[in-house]
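Asker: Any chance you could fold what I've pasted below:
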Amino acid sequence: MSQIDQFLGALKRALKAKNVLYRDLARALDLSESSVKRILSNKSLSLDRLEEICRVADISFSEVVRSANLEEANQAVSLSEEQERALAENPRLLHFFMMLHDGKTVQKIEREYQIESGEAKKMLFSLDRLNLIELHPRDKVKFKRQGFLRFRRDGPIGRALFEQTKSSYLNYDFRPEDYIRFTLIKVSVSTLAKYKAKLERLMFELQEEARFETEHNIPAIDAGVLLSFRPWQYSYMGAIPKKNQVG
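Answerer: Numbering: from 1, shown residues only. Alright, predicted model coming up:
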């Protein structure tokens, strides 16, 4: 994710917070709505045009820059083996930590979830001892490192989450309002690499949207998003072996 992508994402969130629609910008800038959409997805956006957009939407350029977290947002935060193991062994502590990392205050967690104040304080002390947070007076929390959490695939939490994904995520009757698509294709390694980068950007955008909605108390639901590809074929696609394939 480039810093330009991060900045454009922050600009779009700022427009959303101001309830400024693309058609509103189009009218004010004397452009078509499709032109505005193209401008906001174009990495060659000029400073003059950017200044126009900020003026029309009454957005501070400096606020957009701060919101983009240009130095920190691009960094994935990985935990140590010890930290992951402690969280993996205590699901309630892991859930509590994830909610804090998502921007929920301790008071909000106590108000909305089944947890007593005493247990919450013990968890805060545990997270502080694990060097995951800095605990301040009145249960204020500061994270040691900023960025998106990324659990190692072979780490304690990564293994647990992956096993849960394999056993339960797809074992579900997807509804019309849910989304699942699968396709079988033949593509080169270079093409897969290109689309892997695109999927990484898409996941980053989803995480940024989630952070924005949490910060602005927008009603939300918990959703699992799985993006993947691997060498694979339906079992019946191997019913007739190749001539040079050993049986």
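Asker: Nearest residue to the residue nearest the centre of the chain in space, please, no chain neighbours.
Answerer: By CA atoms, centre = their mean, the chain has its centre lying nearest to Q207, at 1.9 Å. Of all residues not flanking Q207 in the chain, F148 sits nearest, at 5.6 Å (CB to CB, 6 or more residues apart in numbering). In this view, the C-beta of every residue, glycine as well, is placed from N, C-alpha and C.
Asker: Please look at the residue nearest to the centre of the chain and G103 and confirm they touch.
Answerer: No: with contact defined as CB atoms under 8 Å, Q207 does not count as touching G103 (11.9 Å).
Asker: What residues of the longest helix seen in the chain count as buried?
Answerer: Using DSSP state H, we find that the single longest helix of the chain is helix 189-215. Across helix 189-215, burial judged by 16 or more other CB atoms under 10 Å covers 204-205, 208-212.
Asker: Show me where this structure dips below the pLDDT cut-off.
Answerer: 1-3, 43-44, 66-76, 147, 215, 237, 245-247 (pLDDT under 70).
Asker: L94 sits in which helix or strand?
Answerer: Using DSSP states H and E, the element containing L94 is helix 91-101.
Asker: list the buried ones in that helix?
Answerer: By 16+ other CB under 10 Å, the buried positions in helix 91-101 come out as 93-94, 96-97, 99-101.
Asker: Just list what that helix packs against, helices and strands only.
Answerer: helix 81-88, helix 106-112, helix 117-129, strand 140-143 (3 or more CB pairs under 8 Å, 6 or more residues apart in numbering; DSSP states H and E).
Asker: Quick check: what element follows whichever helix or strand A10 is part of along the chain?
Answerer: Assigned by DSSP H and E, A10 falls within helix 3-17. Moving toward the C-terminus from helix 3-17, the next helix or strand (DSSP H and E) is helix 22-29.
Asker: Would you mind listing the buried residues in the helix or strand just after that next one?
Answerer: Per DSSP H and E, helix 22-29 leads on to helix 33-39 as the next helix or strand towards the C-terminus. Judged by neighbour count (16+ other CB under 10 Å), helix 33-39 contains these buried residues: 36, 39.
Asker: Not counting its own residues, what contacts helix 33-39?
Answerer: With contact meaning CB atoms under 8 Å, 6 or more residues apart in numbering, helix 33-39 is reached by 22-23, 25-26, 29, 31, 45, 49, 53.
Asker: now those as JSON lines including neighbour count and distance to D222?
Answerer: Formatted as JSON lines, these follow (neighbours: other CB atoms under 10 Å; distance: CB to CB, whole Å):
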{"residue": "Y22", "neighbour count": "18", "distance to D222": "29"}
{"residue": "R23", "neighbour count": "11", "distance to D222": "32"}
{"residue": "L25", "neighbour count": "21", "distance to D222": "32"}
{"residue": "A26", "neighbour count": "17", "distance to D222": "35"}
{"residue": "L29", "neighbour count": "15", "distance to D222": "38"}
{"residue": "L31", "neighbour count": "16", "distance to D222": "38"}
{"residue": "L45", "neighbour count": "17", "distance to D222": "34"}
{"residue": "R49", "neighbour count": "15", "distance to D222": "38"}
{"residue": "I53", "neighbour count": "23", "distance to D222": "33"}
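Asker: Closest one of those residues to L11?
Answerer: I53 (7.3 Å; CB to CB).
Asker: dump the residue contacts of the closest one.
Answerer: 11, 15, 25, 29, 39, 59.
Asker: at 7 Å what do you get?
Answerer: Shown in contact with I53 (CB atoms under 7 Å, 6 or more residues apart in numbering): L25.
Asker: Domain map for this protein?
Answerer: 3-68, 76-148 (automatic domain parsing).
Asker: picking up where we left off before, pull the most distant pair out of the contacts of helix 33-39.
Answerer: R23 and L45 (18.8 Å).
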